[in-house]
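**Student:** what's the 3D shape of this:
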Amino acid sequence: MRTTHLRNISYTLFLIGYAVLYATLFVPQSEELNLSHILLAVSSTTLLTASLLLAHLKRHQLNMVDVVTIIVYLYLVICNRNLSNFSDIYTVSLFFNIYLANSIVFKYFDPKHVLVCLLSIFTIYQSVIGISQFYGLLESRHTLFPITGTFLNPGPFGCIFAIIGVYLILYTNSFYVQFRISCNSDSLNDKKSLLFRFTYCIGVVALFLCVSMIVLSKSRSALLGFIIPIVIFFLSTKRMKVYKSRIKYRKAFAFVGILISTILITMIYNVRQESANGRLHIWKVSLSEPDKSLILGTGIGTFPRQ
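**Tutor:** Coordinates of the predicted model:
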């Protein structure tokens, strides 16, 4: 009986922690400590407590990656004095606790459909804000860029769509056959089937909005972050592996790859040429700084001073 109560408590804490974490996606980004940092602290603490409790009840065994992650986390928080900024401490703690929670939860649950649904809702929410800013119904949060969503500039706005878009493409492609079977079946009253169909449909809508927002954001990082994983996924499919194994197709693949890469690099450079030149200048200066510290480094937070 006591074990059952503790398990229910851990499940409740997981639900609260993930719900609070999901709520931070809808809080406007700020350069100072604000509501999002408070929510991150609550979520981080709740997930850590739930993870430790469930690990004790399920007798979860830590692997080598878990041990290394814990050591790095303790070093960053306790031994490293460079994390004096509360925002950095929240970020490090949050990533560690999310990793610990997911490494335990994903062994006992199958949350991918729920995750797709939550990401799709967030995508639609940000897309509505982006489209409203594009048509002048809402003000942008940056004076130089018309579309930023709830972020401070279009960079993270486009990149979050790139990350979600890649996941949605993999999801819709992997479950397409299952979706067709579900639509052709007579299980209209099956709640799981209805939830899956709803999740798949809203995922397709969110995917279309992701591509649209990436284009409107004009973020080069987002565009590359979206295209490169998709190309890798496409080339790793069984059909493409068969084509690549044939000698007569290899030259064609090489030519098309070089042509597409050249066109893509040219387009990305010309989107905002002045910004691209500034970025190249930053890289040039940064590459001249490592010197003898290339291997050992100079410590967290010291690179800007260098």
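**Student:** shaky segments in the stretch 101-250 of the chain?
**Tutor:** Low-confidence segments of the stretch 101-250 of the chain, defined by pLDDT under 70, span residues 105-110, 186-191, 238-250.
**Student:** how about 90 then?
**Tutor:** For the stretch 101-250 of the chain, applying pLDDT under 90 flags the ranges 101-119, 121-122, 134-159, 170, 173-200, 214-250.
**Student:** now the helices: where do they sit in it?
**Tutor:** Ranges of helices in the stretch 101-250 of the chain, per DSSP state H, counting those that start in this stretch, are 112-134, 154-174, 176-184, 191-217, 220-235, 238-245, 247-271.
**Student:** with mean neighbour count and distance to residue 76 as extra columns, can I get these in TSV?
**Tutor:** (Each C-beta comes from the backbone N, C-alpha and C, glycine too.) Below are the helices of the stretch 101-250 of the chain laid out as TSV (neighbours: other C-beta atoms under 10 Å; distance: least, C-beta to C-beta, whole Å):
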stretch	mean neighbour count	distance to residue 76
helix 112-134	18	27
helix 154-174	21	22
helix 176-184	12	42
helix 191-217	18	32
helix 220-235	16	25
helix 238-245	10	41
helix 247-271	11	34
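**Student:** reformat those helices as JSON lines; add distance to residue 302.
**Tutor:** As requested, these are exported to JSON lines (distance: least, C-beta to C-beta, whole Å):
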{"stretch": "helix 112-134", "distance to residue 302": "34"}
{"stretch": "helix 154-174", "distance to residue 302": "24"}
{"stretch": "helix 176-184", "distance to residue 302": "49"}
{"stretch": "helix 191-217", "distance to residue 302": "32"}
{"stretch": "helix 220-235", "distance to residue 302": "24"}
{"stretch": "helix 238-245", "distance to residue 302": "44"}
{"stretch": "helix 247-271", "distance to residue 302": "31"}
